[in-house]
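# structural data only, the sequence is not supplied:
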């Protein structure tokens with residue numbers, strides 16, 4: 001019984017220690033310099049093309065959703081007449 005427990009413990013330790021350790025370059029100082037520059041660009045657009053596309057998509061969906069909600073509100077306010 002003890003032998004089985006020790007074997008199980010050893011197997012579980014092996015499987016948890018197998019994952020490789022990844023080393024990432026710290027990009028925080030570079031991003032801090034980018035976002036702290038005074039170049040009259042709004043912060044939400046300083047990330048480049050990706051940020052601009054996300055901003056425009058967000059604005060598009062916001063305006064479209066607002067218009068759709070107003071349309072549905074209008075349709076609910078004036079129901080069709082029953083024949």
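Ah, there it is. In this text, all values refer to a predicted model and were calculated from it rather than measured experimentally. Residues are numbered from 1 along each chain as shown.
# low pLDDT regions in the chain?
Low-confidence segments of the chain, defined by pLDDT under 70: 13-20.
# tell me which element the residue positioned nearest the centre of it falls in.
Computing the C-alpha centroid of the chain and ranking residues by CA atoms, centre = their mean puts residue 54 first, at 10.9 Å. Assigned by DSSP states H and E, residue 54 belongs to helix 49-77.
# so for that helix, what gets flagged as buried?
By neighbour count on 16 or more other CB atoms under 10 Å, the buried set for helix 49-77 is empty. Bear in mind the C-beta positions are built from the backbone N, C-alpha and C, glycine included.
# state the distance from the residue nearest to the centre of the chain to residue 33.
Residue 54 is 22 Å from residue 33, where distance means CB to CB, to the nearest Å.
# next one: residue 4
Counting by CB to CB, the gap from residue 4 to residue 33 is 58 Å.
# and if you look at residue 5?
Going from residue 5 to residue 33 by CB to CB gives 55 Å.
# for residue 27, same thing?
Distance from residue 27 to residue 33, by CB to CB: 11 Å.
# cool, and residue 9?
Shown here: residue 9 relative to residue 33, a distance of 49 Å by CB to CB.
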